[in-house]
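>>> Fold the stuff below for me.
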Amino acid sequence: MEKVSLQPSERIDDLLTNDLKIIQSDEVFSFSMDAVLLGRFSYVPPRGRMVDLCTGNGVIPLLLSTRTKASIVGVEIQERLADMADRNVKINELDNQIQIVHGDLRTIHNQLGSGNFDVVTVNPPYLPVPNGEQNINEHVAAARHEVFCTLEDVVKTCSRLVRSGGRVAMVHRPSRLVEIFCTMRQYKLEPKRIRYVHPRAGEEANMVLVEALRDGKPELRTLPPLIVYKNKTEYCDELMEIYYGKRDALI
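Presented below is the predicted three-dimensional model:
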C-alpha cells in the first residue's frame, strides 16, 4: 500500500473486499450502501472504458476495479473530495487503471469527449435544492442536494459520454423514478433493468437501481427486490456476500 498523507479528520477504512482500503472523513464524505450496490449492480465490460460521475471519494471506481480490467475515470466537482479520491487510487496502487478528474460533469464531455465510454455509472444527489437557508455542511449538502447539477444535467451528460449501445447505471430514490425514466428517454437512454431496494420485508423501497441502454429498444426487466435486513439488525445473505467480496455482482 502506497503511503499518502491524511488530513486531520481523515481515517483509512477497510473496504472488506480484495484488500481494498479507503480514506474517509465524517466531516467531508463517507460512502454509504447505495454506492456499494451501484458498484455491484452495474454491468461491466471485461475491458474498455468506464466513467463514474459524482465519484465522491472514489469508492465506486475502486469497487468496479475488482470486476473488470477496463480503464475507469472518476469525475468529482469538489476539490477536497477529488483529492481524497485520487489518494484512494494511490493507496490501492490502481493508478494504471483508475484516473480521477476534478471537474464539472455538466462540461466534462469537453475534456473526455463524446461517445467514448462503454459504461457510465452515477450516484447523483437525490434531492432538489430546498428553499431557505440551510445550516448544513457544504460537502454533505452537495452530496444530498442538486447544488452543482440537476437530474437532467446528470442524464444529459451520461448520454453524451456513453457510446451507442453502451450502458448507464444509476442509483436514486424511487420517488423520482418517473422523472428518471422520462428524462432518460428524452436523451436516448432506454431503461432496461431495475431493482428496488427495501429496508425490510413489508416496507416501501427507499432506493432503486436503474440501468439504461444508449439507443436501446423498449423492454424493461424488473429484478427481484433486494431486502436489506432479514431481521431488525442483520443484513440479508446476498448483501453480506456483496460486502465481503464473495459475490461481485447484483443480478
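>>> what's residue 248 in contact with, if anything?
40, 66, 67 (CB atoms under 8 Å, 6 or more residues apart in numbering). All C-beta spots, glycine's among them, are computed from the backbone N, C-alpha and C.
>>> I'd like to know which of those residues are part of helices.
residue 40 (DSSP state H).
>>> Weed out the non-buried ones from the contacts of residue 248.
40, 66, 67 (16 or more other CB atoms under 10 Å).
>>> Output these in a markdown table, with pLDDT and distance to residue 11 appended to each entry.
Formatted as a markdown table, the buried ones among the contacts of residue 248 follow (pLDDT from 0 to 100; distance: CB to CB, whole Å):
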| residue | pLDDT | distance to residue 11 |
| --- | --- | --- |
| 40 | 95 | 24 |
| 66 | 94 | 22 |
| 67 | 95 | 26 |
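>>> Between those residues, which sits nearest residue 125?
For the buried ones among the contacts of residue 248, the residue nearest residue 125 by CB to CB is residue 40; the value is 21.2 Å.
>>> neighbours around the closest residue to the closest one other than its chain neighbours, how many?
Using CB to CB, 6 or more residues apart in numbering and skipping the chain neighbours, the partner closest in space to residue 40 is residue 250 (4.7 Å). Residues near residue 250, counting by other CB atoms under 10 Å, number 19.
>>> Specify the local secondary structure of residue 250.
coil (DSSP: H, G, I helix; E, B strand; the rest coil).
>>> Quick one: residues contacting it.
For residue 250, counting by CB under 8 Å, 6+ apart, the contacting residues are 37, 40, 41, 195, 209, 226, 238, 242.
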